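In: Show me the folded form of this:
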Amino acid sequence: MAKPAFEMDHGLRSLLAGQLSRGELVLFTGAGFSLQAPCSGGGTVPSVAELRELLSAIGLPGQPLDTSSSLGDLYACALDQGGKRTREIIESRFRVTGNIPESYRRWFSQPWHRIYTLNIDDLDEALNRSNDLPFPIRAVSAISEGFGIAGSDVLSVHLNGTVADFPDITFSPGQYGERLARPDSWYTQLVSDLMASPVLFVGTELNEPPLWQHLELRGKRGPGPENRPRSYLIAPDLPIARRAMLRKFNVEWIPLGHGEFMDQILWSMEHERDIGIGSIRKKRGPARATDALLKVSELRTQPSENVREFLMGRQPEWADLTDEGFAVVRSFEASLSKSIRDAAPKIIVLTGTAGSGKSTTLMRLGIEFHADSHDVRWLDLNDEVALVRLRDEVRRESPGVLLIDELELLGQAAGSFLSELVDENPDLLVIAALRSSRYQGLEAQMDMADGAVLEYTIPNLDDSDIDVLLSALEAAGKLGRLRGMDRNKRVAALRHEAGRQLLVAMLQATSGKRFDEKICDEVRDLDHTSAAIYGTVALATHVRTGLTRHEIMLAAGEPSNESAAQLQRLLDRHILLLRGELIVTRHRLIAERVVGYLKAEGRLGEVTRGVAFALGSVAKQSRRVWVGCVELWGCD
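Out: Numbers count the residues shown, from 1 in each chain. So this is what the prediction gives:
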């Protein structure tokens, strides 16, 4: 009786398509994946059963085939009895050559986050040599190669080694277990990927223990909601008991062979595949100037998850400055706009202490100029782009106004960069923001005519600011301890804090605690794992980047469903924030204070090493993070 055709549930298909489009999927292949690949010795890559026969003939000559012997034991016997013949078998049957089936090219053309395989064959390298794939595939041996930066390549990690590792190839769960008893950076990365990423398990011989051994690395669900991404096991048949086992790992069984699955499901998601390829190129490839020069006309329409959180110290977003937002218009901003119109400078530099409101004022000026029909661009310094490329892009695009936040990120060249920009673009106005302590050195670099540069220092809160800020806190339901006071006492409480930065004044007035005390209490009140997660994200934010979920869990050193749940709780409580794929603290000043607290407590070294290790595979972020970590490495 013919098996009925498989039809994937619409919801499951949509989930898989979304994971593909975001470049999140990890491919994990088992022993059956390569069976149709032609090998140099004739025929195709051998199955486990065929390899057992080949090794048995060398290691146990004249003996009947013992199917109860493990592949690892047979391999050891073959090495003892005939090492040269064993090498010939490995070389001839696991080197892929010739006309490779089209289905394999399709598999290696997907936007994989990473690839893991239990196989020792060089199918991935053969495809990379003979096909123009969307990304170069770089085969890595977990036996002989350490964990390193991937760059733009997709890493294909051979957990049991490659042909080139002969004779040190791992063929049994016991052998692999012995390796895992030693420090193994790839094992740590593997656990993190299996825990925090959606995985496609593909292997036709479902009785091979290593496949299930690694699937079980996802861990138990534990109490609370499911935080492991939905994953998939692709196999035409599966015993009923194992179907039940999959559910506890949040793995969906898809009853298709891997060729059928590719043809019927994955290859049909062309649109999502193209988006995923673009997403990975942006994350892994060198940053382009066009990616860093963003249009304010598009940015200002971006929604925010919760505009009320701005009043609790979140870094400003464009939605905060809309009619629905809570970034109040401060009294000095009208006079600042008038000064700009009267002076007609080429460069405006907004200075102030951390948390004083520089970024918010910068963004509001950008919106004002855009409303006056100027082409306003925001320079995104999260992507490290060569300054010469940025200058070329500004000349090509010819914006009217360029906004630059945290100008100090450009380093010693910031002042000369601004001067060259306005010299090369006569109609350009540059508005930049940076901390007051960094301005003196910058000013000396700018060789500009008098009046060409306008510096404006963001002032502290005045009485009119306090009035509108109180109204915003009340409308947002964020009064905190001010809730039980009358209006006069609320004004007095905020006036008491008015000599401080806007961020500090808001948090101290509403909490009744000193800013540093409040931040330290946040860390102290967390359990060990949550505190490690918070510190990890704070350190990354402090050096001006964010981390993905699996990078956080890898850095924190405890990839499990419970640690994933703790990370989600920090997000739900808005202690941490999700920005696209990256997670950051609410504000860089908060991150700075958390790092200072960890340093004082002697806990920063462990966090620093974790972050440096986690970002070793992220080429775009690694340079900035490594520099930041080196600066902090000797702190404790």
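In: How much space separates Gly400 from Ser297?
Out: Distance of Gly400 to Ser297, given as Cβ to Cβ, to the nearest Å: 12 Å. Where you see a C-beta, it was placed from the backbone N, CA and C, and this is true even at glycine.
In: neighbour-wise, which of the two wins?
Out: Using other Cβ atoms under 10 Å, the more surrounded residue of Gly400 and Ser297 is Gly400, with 16 against 12.
In: for the closest residue to the more buried one other than its chain neighbours, what are its contacts?
Out: Nearest residue to Gly400, sequence neighbours excluded (Cβ to Cβ, 6 or more residues apart in numbering): His374, at 3.9 Å. Shown in contact with His374 (Cβ atoms under 8 Å, 6 or more residues apart in numbering): Pro399, Gly400, Val401.
In: for Gly357, same thing?
Out: By Cβ under 8 Å, 6+ apart, the neighbours of Gly357 are Arg330, Ile458, Gln501, Leu502, Leu503.
In: Inside helices: which ones of these?
Out: Leu502, Leu503 (DSSP state H).
In: want to try CSV for the contacts of Gly357, with neighbour count, pLDDT and distance to Asn250 as columns?
Out: Conversion of these to CSV gives the following (neighbours: other Cβ atoms under 10 Å; pLDDT from 0 to 100; distance: Cβ to Cβ, whole Å):
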residue, neighbour count, pLDDT, distance to Asn250
Arg330, 21, 91, 48
Ile458, 23, 91, 48
Gln501, 22, 70, 44
Leu502, 27, 76, 43
Leu503, 22, 78, 39
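In: and which of the contacts of Gly357 is nearest to Met245?
Out: Nearest to Met245 among the contacts of Gly357: Leu503, at 49.9 Å, using Cβ to Cβ.
In: helix or strand right after the helix or strand hosting Leu194?
Out: Per DSSP states H and E: Leu194 is located in helix 185-196. Sequence-wise, the next helix or strand downstream of helix 185-196 (DSSP H and E) is strand 199-202.
In: what's the offset of stretch 304-311 from the middle of its chain?
Out: 23 Å (Cα atoms, centre = their mean, to the nearest Å).
In: tell me the average confidence for it?
Out: Averaged across stretch 304-311, pLDDT comes to 81.
In: which other residues reach it?
Out: 316-320, 324-327, 472-473, 476-478, 506, 574, 577-578, 586.
In: Narrow these to those that are buried.
Out: Burial by neighbour count, judged by 16 or more other Cβ atoms under 10 Å, picks out 316-320, 325-327, 472-473, 476, 478, 506, 577, 586 from the contacts of stretch 304-311.
In: from those residues, which single one is nearest Val349?
Out: Nearest to Val349, judged by Cβ to Cβ, of these is Pro316 at 18.4 Å.
In: any idea how far Asp320 is from the nearest residue to that closest one once chain neighbours are set aside?
Out: Distances taken as Cβ to Cβ, 6+ apart place Thr360 nearest to Pro316, at 4.6 Å, with adjacent residues excluded. Distance of Thr360 to Asp320, given as Cβ to Cβ: 7 Å.
In: Quick check, pLDDT for the residue nearest to Gly400.
Out: On the pLDDT scale, His374 is placed at 90.
In: go on, Ile169?
Out: pLDDT at Ile169 comes out at 84.
In: right, and it touches Ile120 too?
Out: Yes. If you go by Cβ atoms under 8 Å, Ile169 and Ile120 touch, sitting 5.6 Å apart.
In: Mind checking which of these two has more residues around it?
Out: Set Ile169 next to Ile120 and count neighbours by other Cβ under 10 Å: Ile120 wins out with 24 against 21.
In: Tell me how many other residues crowd Asp525.
Out: Here the number of neighbours of Asp525 (other Cβ under 10 Å) works out to 9.
In: cool, and Ser359?
Out: Neighbourhood size, Ser359 [other Cβ under 10 Å]: 22.
In: domain ranges for this protein?
Out: As given by automatic domain parsing, the domain ranges for the chain are 10-38+98-282, 46-95, 290-457, 463-512, 519-635.
In: just those domains: most buried one?
Out: With neighbours taken as mean count of other Cβ atoms under 10 Å, the domains of the chain reach their highest mean count in domain 519-635, at a mean of 20.
In: any shared contact partners between Gly400 and Ser297?
Out: Common contacts of Gly400 and Ser297 (Cβ under 8 Å, 6+ apart): Val376.
In: any low-confidence regions in the stretch 501-636 of the chain?
Out: 557-560, 612-636 (pLDDT under 70).
In: quick one: the strands in it?
Out: For the stretch 501-636 of the chain, the strands defined by DSSP state E, counting those that start in this stretch occupy 576-579, 582-585.
In: Show me what the first one is in contact with.
Out: Yep, that's strand 576-579 we're talking about. Against strand 576-579 from outside (Cβ under 8 Å, 6+ apart): 305, 309, 314-315, 533-534, 537, 546, 567, 570-571, 583-586.
In: Return the distance of stretch 582-597 from the chain's centre.
Out: With Cα atoms, centre = their mean as the basis, stretch 582-597 stands 17 Å off its chain's centre.
In: Looking at the contacts of strand 576-579, which are in helices?
Out: With DSSP H as the criterion, helices contain Ile533, Tyr534, Val537, Leu567, Leu570, Leu571 from among the contacts of strand 576-579.
In: what residues are up against the third one?
Out: In other words, Val537. Gly546, Leu547, Ile552, Leu576, Ile583, Val584, Thr585, Ala591.
In: Could I get the full set of strands for the stretch 101-250 of the chain?
Out: Ranges of strands within the stretch 101-250 of the chain are 114-117, 137-141, 154-158, 199-202, 231-234, based on DSSP E, counting those that start in this stretch.
In: Those: which one's closest to Ala354?
Out: Comparison of the strands of the stretch 101-250 of the chain against Ala354 by Cβ to Cβ identifies strand 114-117 as nearest, at 37.0 Å.
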